[in-house]
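Enquirer: Please work out how this folds:
(one chain, ligands or ions: 1)
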Amino acid sequence: MRQSPDDGRTDAPSHAEPVRDAMPPQGRVSPLKNFIAGGIGGACLLLAGHPLDTIKVRLQTQPKASASCLLYTGTYDCFRKTVSREGFLGLYKGLGAPLAGVAPMMAISFFGFGLGKQLQQPDPGKPLTHMQIFMSGCLAGVFTTVIVAPGERVKCLLQVQAAGGDRKYSGPLDCVVRLYKEQGLRSVYRGTVLTLIRDVPSNGLYFLTYEYLKNVFTPEGQSVSQLSTLNILLAGGVAGLVNWTIALPPDVLKSNFQTAAEGQYRGLLDVLRTLLRDEGPSALYKGFNAVFLRAFPANAACFLGFEVALKGLNILAPSW
Ligand SMILES: CC(=O)O[C@H](CC(=O)[O-])C[N+](C)(C)C
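Expert: Below you'll find the predicted structure:
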């Protein structure tokens, strides 16, 4: 039987029948600890993943010309051209907005996930079902959209303008201020519905995969909190891959919608119709290589950062 990390209880408390479709209870983590450790995880995710995110957005939004005159022919070509024209730091363009956004985003995400679990588990000794874990992840996706939607709008605009050479915005702050001045808050939040479509179900699967694998990797008789670094990296990396498998099509729509000129699309369905008409269904998996090359290391780093930070917080402030 696996033991809960916080209090050494076993995973099948006397009052709860082991449920086949359930995770062992892991004890409660304070919301504040989830928030702080999540923020640290987010910083790790960003540092490991931003270069490939820049390539992804540039591939997803490059002008739709014929194949022979595409700016970038693929992931490696985009990487090579970006580094030769803009230096290695070109891959870190647009980092300002996510730096201010990803750490808080992951902080809110882990907080929302923890809250979702607590709301569905009045008794901490009772196991949560897979569906409940999934729903907790979905709740995290709803919470994070408040900052992810504007953050992605700014990040994508900056990443794309760097590729075009025509610099309209001098940085993230300038971008937000100009969007707001030109068309108000509605413009800053453009792409919110697509962000929800992308992030709610994918967050559910993200956290479910991570928790499920952590449990699978924990040897009988040991606590989930004793999981090796390698297993944490593996569970986090796979969670990232699963997340992007369903997040990528709405992400392509979102990136195009958020970087399009005002009035270019009549709505979300128009983005989908236009992409399918001009480029076929494979357009929905544009940037596939960059996304999947990034997903594993970035999310492995994120969950490792989270778990290490949580352990540190438990040592520094055991009573929180
Ligand atoms: C879609 C997305 O932003 O995924 C995040 C991780 C990543 O690869 O950037 C994490 N989360 C699923 C929590 C939003």
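
Enquirer: elements contacting the lengthiest helix in the chain?
Expert: When the chain is parsed with DSSP state H, its longest helix is helix 130-164. With contacts defined as 3 or more CB pairs under 8 Å, 6 or more residues apart in numbering; DSSP states H and E, the packing partners of helix 130-164 are strand 22-23, helix 31-61, helix 96-120, helix 172-183, helix 192-217, helix 229-259. Every residue, glycine included, has its C-beta placed from N, CA and C.

Enquirer: I'd like the ones you listed as JSON lines, with distance to K311 and mean pLDDT appended.
Expert: Formatted as JSON lines, the helices and strands packed on helix 130-164 follow (distance: least, CB to CB, whole Å; pLDDT from 0 to 100):
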{"stretch": "strand 22-23", "distance to K311": "20", "mean pLDDT": "64"}
{"stretch": "helix 31-61", "distance to K311": "9", "mean pLDDT": "88"}
{"stretch": "helix 96-120", "distance to K311": "14", "mean pLDDT": "88"}
{"stretch": "helix 172-183", "distance to K311": "33", "mean pLDDT": "92"}
{"stretch": "helix 192-217", "distance to K311": "14", "mean pLDDT": "96"}
{"stretch": "helix 229-259", "distance to K311": "11", "mean pLDDT": "95"}
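
Enquirer: Count the neighbours of M106 for me.
Expert: 26 (other CB atoms under 10 Å).

Enquirer: no, scratch that, I was asking about F88
Expert: Neighbours of F88 using other CB under 10 Å come to 9.

Enquirer: Would you mind listing what in the stretch 1-150 of the chain touches the ligand?
Expert: L45, S109 (CB under 6 Å from any ligand atom).

Enquirer: what's the closest non-adjacent residue to the residue of the stretch 1-150 of the chain found nearest the ligand?
Expert: As assessed by CB to the nearest ligand atom, the ligand sits closest to S109 within the stretch 1-150 of the chain, at 4.6 Å. Spatially, and ignoring its direct neighbours in sequence, S109 is nearest to A140 (4.5 Å; CB to CB, 6 or more residues apart in numbering).

Enquirer: wait, what's in contact with that neighbour?
Expert: I108, S109, F110, F111, G112, F113, G116, N203, F207 (CB atoms under 8 Å, 6 or more residues apart in numbering).

Enquirer: Rebuild these as TSV, extending it with neighbour count and distance to V148.
Expert: Below are these laid out as TSV (neighbours: other CB atoms under 10 Å; distance: CB to CB, whole Å):
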residue	neighbour count	distance to V148
I108	23	9
S109	30	9
F110	30	14
F111	22	14
G112	25	12
F113	27	15
G116	26	17
N203	27	10
F207	28	16
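
Enquirer: State the three-state secondary structure for R167.
Expert: The assignment at R167 comes out as coil when based on DSSP: H, G, I helix; E, B strand; the rest coil.

Enquirer: and it, how many residues sit next to it?
Expert: If we define neighbours as other CB under 10 Å, then R167 has 11 of them.

Enquirer: which ones are touching it?
Expert: Q161.

Enquirer: Apart from its neighbours in sequence, what residue is nearest F110?
Expert: Nearest to F110 is G38, by CB to CB, 6+ apart, at 2.9 Å.

Enquirer: Kindly report the same for L173.
Expert: Nearest to L173 is G96, by CB to CB, 6+ apart, at 8.0 Å.

Enquirer: measure that neighbour to V154 for me?
Expert: Distance of G96 to V154, computed by CB to CB, to the nearest Å: 9 Å.

Enquirer: More neighbours: these two, which one.
Expert: V154 (25 against 16).

Enquirer: What is the neighbour count of S319?
Expert: If we define neighbours as other CB under 10 Å, then S319 has 4 of them.

Enquirer: One more: N256?
Expert: 23.

Enquirer: Touching, it and T61? I think so.
Expert: Yes: shown here, N256 and T61 form a contact pair, counting by CB atoms under 8 Å, at 6.2 Å.

Enquirer: and F217, how far is that from the ligand?
Expert: Using CB to the nearest ligand atom, to the nearest Å, F217 is found at 20 Å from the ligand.

Enquirer: if I pick that residue, what's in contact with it?
Expert: L227, N231, L234, A235.

Enquirer: what about 7 Å?
Expert: L227, N231, A235 (CB atoms under 7 Å, 6 or more residues apart in numbering).

Enquirer: Perfect, I'm done here.
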